[in-house]
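Novice: Here is a sequence together with a model predicted from it:
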Amino acid sequence: MTDKSPSDHRVRRGDGPILIGLGANLPSERFGGPRQTLEAALAELERRGVRVVRRSRWYESAPVPRSDQPWYVNGVAAVETGLGPEALLAVLHAIEHDFGRVRGARNAARAVDLDLLAYGDLVRAGPAAPLLPHPRVPERAFVLLPLAEIAPGWRLPGSGETVAALAARLPPDQEIRPLGVGEPEAGDRTAPVEPRKGRPSAQKPAGRH
């Protein structure tokens, strides 16, 4: 559906979930490594009244586009909130700021990144933020794999494409692997684990945790 009243916090969002993408590849003086920072970000969402109803495992992914940055830790969460899309995006940006994110060049390394991926079934092409669904959702393995884990029946608002169909079209060079419970992140390892390569859709999502 299309949002005809962007400024109205009572906007109808349809039946789809509200989805937030989380990522980090720099340590935080306050929280520790990227995974600890993202766990703290989920807790902060709850503290600010945004209820986390489902969450994926954490995944480890190579930077996109490829660079010499550290690998990222990524995940996706489904949330419930009475906030409209603009107010929810403002909360995400406030958490990023409070957690020490400094916005610089696009695709730069970051201590925390919180993206509003979808707000129910809303479709908004701009000009005001947020654009919905997030325009890079179909291009990113680090979004689609964790999303498929928590919402396997999800369809991209606007096109209706399934998350499985989107994942099947991903470039084969995007490297991503799930992190096991207690498994160190790439930056903490003395001997890196060989990442899984190839088309990410070949990896079967596991159950929620």
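Specialist: Right, received. Where do you want to start? Owing to the predicted nature of the structure, the values given are computational and were not obtained by experimental measurement. Numbers count the residues shown, from 1 in each chain.

Novice: Please count neighbours and contacts with C-alpha atoms only from this point.
Specialist: Noted.

Novice: Just the strands from this protein, written as ranges.
Specialist: 18-24, 51-55, 59-61, 72-80, 113-119, 176-178 (DSSP state E).

Novice: Average pLDDT for the fifth one, rounded please.
Specialist: What strand 113-119 shows for mean pLDDT is 98.

Novice: ok, now the last one?
Specialist: What strand 176-178 shows for mean pLDDT is 96.

Novice: so what strands line up beside that strand?
Specialist: strand 59-61 (antiparallel) (DSSP bridges).

Novice: Correct me if wrong: residue 157 contacts residue 123.
Specialist: Yes - the criterion here is CA atoms under 8 Å, and residue 157 meets it with residue 123 at 6.3 Å.

Novice: how about the helices of this protein, start to end?
Specialist: Ranges of helices in the chain, per DSSP state H, are 34-47, 85-98, 141-150, 163-168.

Novice: Output the contacting helices and strands for the second one.
Specialist: Secondary structure elements in contact with helix 85-98, counted by 3 or more CA pairs under 8 Å, 6 or more residues apart in numbering; DSSP states H and E, are strand 113-119.

Novice: likewise the first one?
Specialist: Taking 3+ CA pairs under 8 Å, 6+ apart as the contact definition, the neighbouring helices and strands of helix 34-47 are strand 18-24, strand 51-55, strand 72-80.

Novice: The last one to helix 34-47, inter-axis angle?
Specialist: I take that to be strand 72-80. Strand 72-80 and helix 34-47 are oriented at 20 degrees to each other (axes from the mean of the first three to the mean of the last three CA atoms, to 10 degrees).

Novice: related to what we said a few turns ago, may I see the strands of the chain arranged in CSV, with distance to residue 169 and mean neighbour count as well?
Specialist: CSV is the format used below for the strands of the chain (distance: least, CA to CA, whole Å; neighbours: other CA atoms under 10 Å):
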stretch, distance to residue 169, mean neighbour count
strand 18-24, 20, 24
strand 51-55, 24, 17
strand 59-61, 17, 23
strand 72-80, 20, 25
strand 113-119, 19, 23
strand 176-178, 15, 23
